[in-house]
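[1] After the sequence you'll find the predicted model.
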Amino acid sequence: MESERKSLPANAYTELQPGEKYIPFIAAEVRIPEVTVRSVIAGVIMSILFSAAAAFLGLKIGQVFEAAIPIAIIAVGIAPLFRRKSTVLENVIIQSIGAASGVVVAGAIFTIPALFILNLQVNLLQVFLVAFFGGALGILFLIPFRRYFVKEMHGKFPFPEATATTEVLIAGEAGGQQAKVLAIAAAIGGLYDFLVLTVEAWREVFTTRVIPIGETIANNLKMVFKVDVLASVLGLGYIVGLRYATMIAAGSFLSWFVLVPLVYHFGKDLMVSLPPVTNGMLIGAMSAEQIFSNYVRLIGIGGIATAGIIGILKSSKIIGGAVSTAAHEIFGKRGRITETQVERTDRDLPMGIVVGLLILVAIALVIFFRFSVFSSFSNSIALSLLSLGIALIIAFLFTTVAAQAIAIVGTNPVSGMTLMTLIISSLILVSVGVSGPKGMLAVLLAGGVVCTALSMAGGFITDLKIGYWTGATPLNQQRWKFLGTVFAATSVGLVIMLLNKVYGFTGPTALPAPQANAMSAVIQTLMSNQPVPWLLYGVGMFIALIAESLKISPLAFALGMYIPLELNTPILFGGLIAHLVAKSSKNEETSRRRRERGTLIASGFIAGGALMGVIGAILRYYNVNLSIGFAEQHGGEVLSVVMFIALMIYMYVDARRSSPAAG
């Protein structure tokens, strides 16, 4: 029996009223093919291909793309090619297995290349194990929190990436008007972003420097307004909504229009570099962007870390409840809950298995640290246990932060949290007498595990939310995610080792690897007993505390402080369009349909932009130059404003075309 429903329920994106229940696209009692040979093989192929592609492109050109949406598009596209068309739940499994690629790559390339940059001993097995252990921890730590994030908090978080991916899957299943709206929006958004990124028909980032007075203000006061005009980012803002978009933008405006000018004002006359800058560059010679990256962004990192701690404290009951539930399920008098007692759409991997796997991973990590780093130390077991403790505690505590960041804005601040991990790890190891190459190796391996774990946690909550909306079985997603992680970790390891041999990460032909270079610089500083910018982190801490006291989401605000301005402003514009669409009619049903059509359009923008981003990156990798060069001219920046305004007008007008009569 298959569901006759052709769209998500009306309450898919709204908070549930007391007594109201969300019924997924495929109801719990409906049985259709889900985990099949077809879906598993296709998912594994996607994991291998996209892991290799993402690692190549991320290290070669410094551009990391998100694989979930392109994989969903491919799954929908190949579904009719089989004798029996693939079901929506088979496509969810393909997406879930394949999407391990993007998150494992993001975790690995932030840290692993730093091993080569610092000339430390590294081999393929080490790279694979760091990526796999991190991915496994991310899956296992997140499972106890699934019900809270995807079920209990239904409608409270926007889940922008999960929304876009779900709309792609549902439109592919439903066909008709929904598929048409999504396809048209994807074509427009994809073509628009392709013209920006690959053809360079107009500039991607508009800044107020384009006008003379804006240039003067930017040079003399270090105040500049910037907007990334990509359709995909605008679509992301629509799904995020005005509430969170305003919080994010407020944090960004504080960074760029208050803190950056303040740092310049008080530091412009200094004749020496102000730490943490140690390369001799003076604040007076810095641009607004350089002041942000060298100083103000560190305040954002402190804010994110503090927001994470606040979230952990506020979630203590949730964490305690998850632990209590796990203990009851394992040791309770009535034993484990049988599958017949829980709806298919609410089944998780049994807590006994989760805990058992965590113990196995912990033991394996101790052995890994013992033989990879501390074999020459007399207290090698103690140091290995210390490294394990650092990795497990930080990864577990920040799992909820990564999941919440993805749920709010679709961006995982994994680099900021990893940076905090490296700082904490370095300080602890230096305090117990571990420094130099061995210390840096231990810190990077532990940091790589944490980075991949947090990246996986953020990506996997997206998969589980997609499954919740569509009616997939969480147990199946959790089981088969491990398979995708194995293949993704293998692909990433092979690609990193290959790129190191062909190009290297140091020298004249070195790959950029910007995140790994930043991480290696931080570790070298800490292992050389150079000062840590605690003051900047402390300022971020107090800002996060103030935001919390004002009932503003400290994480959303801190994310705004950390993420570059040009990526926050289009999110605000997208949220504003969503608000205007929602208020465009006093008729509740008309307003609902317009919001839904707008969500389809926004999802199309994200999907088309993501797909064309991958294609453009591949063309760039193979040195296929389609650029007309107009983006670098003054007219190209002016045109970017015109095209972005036109895109926003189209989005608003097209969303309003839906009405009860139109259906």
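    That came through fine. Model, not experiment: these values are computed from the prediction.
[2] only C-alpha atoms for contact and neighbour calcs from this point on.
    OK.
[3] got the contact list for Gly43?
    If you count contacts by CA atoms under 8 Å, 6 or more residues apart in numbering, Gly43 has them with 93-98, 484.
[4] mind listing the helices for the stretch 401-550 of the chain?
    Under the criterion DSSP state H, counting those that start in this stretch, the stretch 401-550 of the chain carries helices at the ranges 414-431, 436-470, 474-502, 514-527, 534-549.
[5] Any idea which of those has the lowest pLDDT on average?
    Lowest mean pLDDT within the helices of the stretch 401-550 of the chain: helix 514-527, a mean of 71.
[6] which helices and strands sit right next to it?
    Using 3 or more CA pairs under 8 Å, 6 or more residues apart in numbering; DSSP states H and E as the contact definition, the elements that helix 514-527 packs against are helix 112-117, helix 414-431, helix 436-470.
[7] Output the first one in PDB, but only the C-alpha positions, please.
    These are the backbone C-alpha positions of helix 112-117, laid out as PDB (Å, rounded to 0.1, in the frame of the first residue of the first chain):
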ATOM      1  CA  ILE A 112      44.600  16.400   8.000                       C
ATOM      2  CA  PRO A 113      46.700  18.500   5.500                       C
ATOM      3  CA  ALA A 114      48.100  20.400   8.500                       C
ATOM      4  CA  LEU A 115      50.000  17.200   9.200                       C
ATOM      5  CA  PHE A 116      51.900  17.600   5.900                       C
ATOM      6  CA  ILE A 117      52.300  21.300   6.300                       C
END
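[8] and that helix, what does it pack onto?
    Identification of packing neighbours for helix 112-117 by 3+ CA pairs under 8 Å, 6+ apart yields helix 436-470, helix 514-527.
[9] which one of those has the most crowded surroundings?
    The highest average neighbour count among the helices and strands packed on helix 112-117, using mean count of other CA atoms under 10 Å, belongs to helix 436-470 at a mean of 28.
[10] Next, the angle helix 514-527 makes with that helix.
    Relative orientation of helix 436-470 versus helix 514-527 (axes from the mean of the first three to the mean of the last three CA atoms, to 10 degrees): 140 degrees.
[11] Use 34 as the first number for this chain going forward.
    In the new numbering, first residue 34, that becomes helix 469-503.
[12] want to try CSV for the helices and strands packed on helix 145-150, with distance to Gly171 as columns?
    What follows is the helices and strands packed on helix 145-150, written out as CSV (distance: least, CA to CA, whole Å):
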stretch, distance to Gly171
helix 469-503, 4
helix 547-560, 20
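[13] So which bits of stretch 381-388 are buried?
    By neighbour count, and taking 16 or more other CA atoms under 10 Å as the criterion, the buried residues in stretch 381-388 are 381-384, 387-388.
[14] cool, stretch 304-315 as well?
    Counting neighbours by 16+ other CA under 10 Å, one finds that the buried residues in stretch 304-315 are 307, 309, 315.
[15] Convert the C-alpha atoms of that stretch to CSV, please.
    Extracted in CSV, the C-alpha atoms of stretch 304-315 (Å, rounded to 0.1, in the frame of the first residue of the first chain):
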residue,chain,number,x,y,z
MET,A,304,53.9,51.0,15.2
VAL,A,305,54.1,47.3,16.1
SER,A,306,51.9,44.3,15.2
LEU,A,307,49.3,43.7,17.8
PRO,A,308,49.0,40.0,18.8
PRO,A,309,47.6,37.6,17.6
VAL,A,310,49.1,39.1,14.4
THR,A,311,52.8,38.3,14.5
ASN,A,312,53.9,38.8,10.8
GLY,A,313,54.7,42.5,11.3
MET,A,314,51.5,43.8,9.6
LEU,A,315,50.2,47.0,11.3
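[16] one step back: what would the helices of the stretch 434-583 of the chain look like in TSV with distance to Glu48?
    Formatted as TSV, the entries for the helices of the stretch 434-583 of the chain read as follows, by distance: least, CA to CA, whole Å:
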stretch	distance to Glu48
helix 447-464	28
helix 469-503	13
helix 507-535	21
helix 547-560	38
helix 567-582	22
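[17] Now do stretch 291-305: distance to the chain's middle.
    Its chain's average C-alpha position is 32 Å from that of stretch 291-305, according to CA atoms, centre = their mean, to the nearest Å.
[18] Show me which residues of it are buried.
    When neighbours are counted by 16+ other CA under 10 Å, the buried residues of stretch 291-305 are found to be 292-294, 296-297, 300.
[19] Tell me where the stretch 184-333 of the chain has strands.
    All strands of the stretch 184-333 of the chain, identified by DSSP state E, counting those that start in this stretch, fall at 238-240, 259-261.
[20] Contacts for the first one next, please.
    It refers to strand 238-240. With contact meaning CA under 8 Å, 6+ apart, strand 238-240 is reached by 257-262, 599, 670-671, 673-674.
[21] Now do the same contact list for Ser129.
    Residues counted as contacts of Ser129 (CA under 8 Å, 6+ apart) are 76, 101, 493, 496, 510, 513-514.
[22] Please enumerate the helices of the stretch 234-383 of the chain.
    245-254, 264-273, 275-287, 293-300, 321-324, 330-347, 349-364.
[23] Please put the alpha-carbon coordinates of the second one into PDB.
    Written as PDB, here are the backbone C-alpha positions of helix 264-273 (Å, rounded to 0.1, in the frame of the first residue of the first chain):
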ATOM      1  CA  ALA A 264      20.600  32.800  -5.700                       C
ATOM      2  CA  SER A 265      21.400  29.900  -3.500                       C
ATOM      3  CA  VAL A 266      22.200  32.100  -0.500                       C
ATOM      4  CA  LEU A 267      19.000  34.100  -1.000                       C
ATOM      5  CA  GLY A 268      17.000  30.900  -1.000                       C
ATOM      6  CA  LEU A 269      18.700  29.800   2.200                       C
ATOM      7  CA  GLY A 270      17.600  33.100   3.800                       C
ATOM      8  CA  TYR A 271      14.000  32.600   2.800                       C
ATOM      9  CA  ILE A 272      13.900  29.200   4.500                       C
ATOM     10  CA  VAL A 273      15.800  30.500   7.600                       C
END
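[24] re the thing from before, right, so the helices of the stretch 234-383 of the chain: which one is the most enclosed?
    Using mean count of other CA under 10 Å, the stretch among the helices of the stretch 234-383 of the chain with the greatest mean number of neighbours is helix 264-273 (a mean of 29).
[25] quick one: average confidence on that one?
    The model assigns helix 264-273 a mean pLDDT of 86.
[26] That one versus helix 275-287: what angle between them?
    Orientation of helix 264-273 against helix 275-287 (the same axes, to 10 degrees) gives an angle of 120 degrees.
[27] Tell me which residues touch Lys184, please.
    By CA under 8 Å, 6+ apart, Lys184 lies in contact with Tyr501.
[28] roughly how far apart are it and Ala43?
    Computed as CA to CA, to the nearest Å, the Lys184 to Ala43 distance reads 16 Å.
[29] Per-residue pLDDT of Val329, please?
    According to the model, Val329 scores 92 on pLDDT.
[30] Pull up the gap between it and Lys255, please.
    13 Å.
[31] what residues are shared contacts of the two?
    Shared contacts of Val329 and Lys255, defined by CA under 8 Å, 6+ apart, comprise Val293.
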